[in-house]
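> Any chance you can model this:
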Amino acid sequence: MAPSPNDKQATASREFWIQAAITYSYIFLWIFLSALVIMVNKYVLAYSGFPFPIALTLTHMAFCSALAFVIIRLGFVETIHMDSSTYFKNVVPIAALFSGTLWLGNAAYLYLSVAFIQMLKAMMPITVFSVGVLMGTEKYSPMYALNMVVVAVGVAAASYGELNFNLVGVIFQSGSIVTESFRLCLIQLLLQARGIKLNPVTTLYYIAPACFAFLLFPFTFIEAPKMIHSETWAVPYGWLSLSAVSAFALNMSVFLLIGRSSALTMNIAGVIKDWMLIGLSVLLFHSPVASFQLVGYGVAFAGVCWYNYQKLQQTVRANVSSNKPPPDVEKEPLLVNNGSPGPRSDR
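All right, here's what the predicted structure looks like:
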């Protein structure tokens with residue numbers, strides 16, 4: 001006997017809720033792992049007696065390189081063939097910038113609270129837009145520029161309200177944001193323009209070893225001498241292992257989300273994560289957060305949201321003018337940092 005319409009509707013409804021539960025479980029996993037990486041890195045660098053951000057990042061790159069190599073060699077994930085010329089011209093510059101992003105971003109944890117770092121990260125759209133205009137991946141728009149002014153004012157207010165402001169830490173975090181912005185633009189120019197598509201596993205396979213090589217140079221001249229001539233530090237093996245495993249798992253969670261979620265959903269989840277990290281920073285590390293600081297961050301957050309909306313409207317207009325079907329809002333990469341391929345820099 002054929003199933004009745006009610007049975008079909010019940011089955012479809014049940015399947016919908018199952019798929020929704022899986023998708024939101026993946027989103028929750030991504031938020032949890034992203035927050036875990038950040039909080040563990042903060043503890044390792046600022047509280048465990050291991051103030052060596054380059055060494056921490058080297059540990060991540062070595063672990064991720066090894067696991068990505070094993071996964072690909074065992075055939076769990078297919079890789080792409082890349083000749084040496086393509087690798088050195090397209091991948092190595094991106095790896096160099098990503099090394100700077102991770103090194104400088106981790107170094108900021110020595111000087112700034114997790115809460116304040118998350119507020120400073122609201123500057124990312126400004127730097128991505130500015131670098132994009134400079135490199136030709138973005139078109140200048142007075143409205144976008146006004147948006148960037150709003151975000152800048154909000155971040156400036158948040159910085160003014162920071163009770164434990166540290167200029168060195170702000171310079172490190174700002175440098176991390178700038179190198180990340182250049183990395184994202186190079187991804188558009190060097191990889192996407194050539195049609196090279198890398199998932200998180202193959203990206204780690206190609207980029208993590210190069211990052212490790214680049215980081216060896218500053219480690220040799222900056223941190224290695226300190227580690228040799230100082231006896232006041234200790235290796236927190238357990239925390240370092242947890243940090244490395246969490247960093248790799250974070251990239252795998254992105255792999256799980258591909259095809260099940262969207263850049264828009266990731267942006268919303270990212271906002272939840274940022275506010276959650278501010279709360280965790282206050283709760284776990286007793287980071288002082290002033291009311292004026294939260295107001296400033298709220299202004300910056302509103303500016304970022306408005307920027308995302310304008311980017312979506314621009315995409316809709318471009319599709320209409322070219323007679324393309326209207327875009328699926330849930331699939332539009334609104335904020336290039338969330339929609340970009342590559343290892344996660346949420347740390």
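> So, low pLDDT: which residues of this structure?
1-8, 10, 12, 16, 192-193, 255, 258-268, 312, 315-316, 318-347 (pLDDT under 70).
> In it, what residue spans correspond to strands?
Read by DSSP state E, the chain holds no strands at all.
> Burial check on the nearest residue to residue 274 once chain neighbours are set aside, number of neighbours?
When the adjacent residues along the chain are set aside, residue 274 lies closest to residue 118, with 4.7 Å between them (Cβ to Cβ, 6 or more residues apart in numbering). (C-beta placed from N, C-alpha, C; glycine too.) Neighbour count of residue 118, defined by other Cβ atoms under 10 Å: 22.
> Run a quick neighbour tally on the closest residue to residue 147 other than its chain neighbours.
In space, and not counting its chain neighbours, residue 147 is closest to residue 307: 4.6 Å by Cβ to Cβ, 6+ apart. Close neighbours of residue 307, defined as other Cβ under 10 Å, add up to 23.
> What of residue 45?
23.
> show me what contacts it?
Contact analysis of residue 45 by Cβ atoms under 8 Å, 6 or more residues apart in numbering lists 51-53, 56, 106, 109-110.
> Can I get those residues in JSON lines including distance to residue 151 and neighbour count?
Shown next, in JSON lines, are the contacts of residue 45 (distance: Cβ to Cβ, whole Å; neighbours: other Cβ atoms under 10 Å):
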{"residue": "51", "distance to residue 151": "31", "neighbour count": "19"}
{"residue": "52", "distance to residue 151": "33", "neighbour count": "22"}
{"residue": "53", "distance to residue 151": "27", "neighbour count": "26"}
{"residue": "56", "distance to residue 151": "29", "neighbour count": "27"}
{"residue": "106", "distance to residue 151": "24", "neighbour count": "25"}
{"residue": "109", "distance to residue 151": "23", "neighbour count": "26"}
{"residue": "110", "distance to residue 151": "26", "neighbour count": "16"}
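> Mind picking the one among the residues you listed that's closest to residue 135?
Residue 135 lies nearest to residue 106 out of the contacts of residue 45, by Cβ to Cβ, at 25.8 Å.
> Distance check, that closest one against residue 58.
11 Å (Cβ to Cβ, to the nearest Å).
> Please apply the same query to residue 31.
Counting by Cβ to Cβ, the gap from residue 31 to residue 58 is 26 Å.
> Residue 173 too?
20 Å.
> now residue 204
15 Å.
> which of the two has more neighbours?
residue 204 (29 against 21).
> Isn't the more buried one up against residue 252?
No - counting by Cβ atoms under 8 Å, residue 204 sits too far from residue 252 to count as a contact (9.5 Å).
> So the residue nearest to residue 274 is in contact with residue 277, correct?
Yes - in terms of Cβ under 8 Å, residue 118 counts as a neighbour of residue 277; the distance is 5.1 Å.
> Tell me where the stretch 101-250 of the chain has helices.
Here the stretch 101-250 of the chain has its helices, by DSSP state H, counting those that start in this stretch, at 114-120, 124-135, 142-160, 167-186, 200-218, 224-229, 237-257.
> Between the ones you listed, which one is closest to residue 271.
helix 114-120 (10.4 Å).
> Point out the other helices and strands that that closest one packs with.
helix 5-46, helix 142-160, helix 167-186, helix 263-285, helix 291-321 (3 or more Cβ pairs under 8 Å, 6 or more residues apart in numbering; DSSP states H and E).
> from the chain's centre, how far out does the fourth one sit?
The chain centroid and the centroid of helix 263-285 are separated by 12 Å, computed with Cα atoms, centre = their mean, to the nearest Å.
> so that helix versus helix 237-257, what angle?
For helix 263-285 against helix 237-257, the angle by axes from the mean of the first three to the mean of the last three Cα atoms, to 10 degrees is 160 degrees.
> if I look at residue 179, how far off is residue 308?
Residue 179 is 23 Å from residue 308, by Cβ to Cβ.
> And residue 169, by the same measure?
28 Å.
> What of residue 85?
37 Å.
> if we can go back for a sec, include distance to residue 77 when you put the helices of the stretch 101-250 of the chain into CSV, please.
Formatted as CSV, those follow (distance: least, Cβ to Cβ, whole Å):
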stretch, distance to residue 77
helix 114-120, 31
helix 124-135, 29
helix 142-160, 37
helix 167-186, 22
helix 200-218, 4
helix 224-229, 34
helix 237-257, 8
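> If I follow the layout properly, residue 298 ends up in contact with residue 154?
Yes - Residue 298 is within contact range of residue 154, at 7.1 Å (criterion: Cβ under 8 Å).
> Brilliant, that's me finished.
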